[in-house]
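[1] would you be able to build a 3D model of this:
(one chain, ligands or ions: 2)
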Amino acid sequence: MTEGISLQATGLVSGYSATPIVKGVDLTIPSGRISVIVGANACGKSTLLKTLARLLTPQSGAVLLDGQSIGSLPTKELARSLGLLPQSPIAPEGIVVSDLVGRGRHPHQKLFRSWSPQDDAAVADALEVTGITDLADRSVDELSGGQRQRVWIAMALAQETGVLLLDEPTTFLDVAHQIEVLDLLTDLNRSKGTTIVMVLHDMNLAARYADHIFAMRAGELIASGAPADVMTSELISEVFALDATVIPDPVSGAPMVLPRGRHHVLPAHAV
Ligand SMILES: Nc1ncnc2c1ncn2[C@@H]1O[C@H](COP(=O)(O)OP(=O)(O)OP(=O)(O)O)[C@@H](O)[C@H]1O
Ligand SMILES: [Mg+2]
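    Ligands and ions are numbered 1, 2, ... in the order given. Below is the predicted model:
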């Protein structure tokens, strides 16, 4: 059980040049829960996730893992606790699926005994739960976008971290595979207590699968809380400048966002 690793950011400012993209974010990721970050394109979601995973160094502020600044943690130790699936990962040319998934085991390998039966078991398990066991020997280059995305998810799962950050894990997936991946992440959260933080663009899936929503606008957090409390038409308007109606999702009861748009809307008296 890996339950209970805490992840926190205080006064976080980060970006790629002197101009900050993430502009002073304070947040506490709920331990052992599923959090979803929502926000418009280019508002800084991926930049925030990369900074939380130490791929970017903060210009000011800090990221704390169990109260300790991640800047001071040895790389392998950090990678045993926290994994990141980036938005557009790049696979080494010609690599086969099982080898790529196996790279997720790197932080667990000892200096002299490189590959263990536990590593084999973790890779086999990750291939199995993501439904790609039959692709194990295929070259990653030859896969469809959705198949490849599941390979990356398998690699993140094989890392077996207590905290898992995923940047748009449902990209490229058809609707059935989106649900399968989100259900799988929920299983992982419930069975092992893994703290999950993901960026999602589908507001309805975000509202349904999140215990906690963080909403960003222009590099700042503008709302944080349970979907039922924060996913309102006011928030959708603030975050996306989009007029939307929010009703209870008939399947799950979570808020469901119905964007209005300029076409296809019933006359006012009929809505
Ligand atoms: N490597 C980089 N170098 C310079 N600027 C970057 C880099 N990556 C992102 N940016 C800029 O930082 C800003 C925020 O980008 P970021 O990727 O964090 O947005 P996002 O919220 O994840 O958007 P999306 O929903 O499109 O993925 C954008 O203006 C983007 O152009
Ligand atoms: Mg992004």
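[2] gap between the two ends of stretch 53-71?
    One end of stretch 53-71 to the other measures 10 Å (C-alpha to C-alpha, to the nearest Å).
[3] can you read off the pLDDT for the residue of the chain found nearest ligand 2?
    Across the chain, the shortest distance to ligand 2 (C-beta to the ion) belongs to Ser46, at 3.2 Å. For glycine as for every other residue, the C-beta is placed from the backbone atoms N, C-alpha and C. Each residue has a pLDDT score; the one for Ser46 is 98.
[4] tell me which element it is part of?
    Using DSSP states H and E, Ser46 maps to helix 45-52.
[5] which other helices and strands does that helix contact?
    strand 7-14, strand 22-29, strand 34-39, strand 82-85, strand 163-167, strand 195-199 (3 or more C-beta pairs under 8 Å, 6 or more residues apart in numbering; DSSP states H and E).
[6] if we can go back for a sec, just checking, the residue of the chain closest to ligand 2 touches Met198?
    No: in this structure Ser46 lies outside contact range of Met198 using C-beta atoms under 8 Å: 11.5 Å.
[7] anything in contact with each of these two?
    Common contact partners of Ser46 and Met198 (C-beta atoms under 8 Å, 6 or more residues apart in numbering): Asp167.
[8] out of the two, which sits in the more crowded spot?
    Neighbour count, other C-beta atoms under 10 Å: between Ser46 and Met198, Met198 has more, with 25 against 19.
[9] nearest residue to that one other than its sequence neighbours?
    Leu166 (4.2 Å; C-beta to C-beta, 6 or more residues apart in numbering).
[10] which residues pair with that neighbour across the strands?
    Leu85, Met198 (DSSP bridges).
[11] so which helix or strand takes in Arg148?
    Using DSSP H and E, the element containing Arg148 is helix 145-158.
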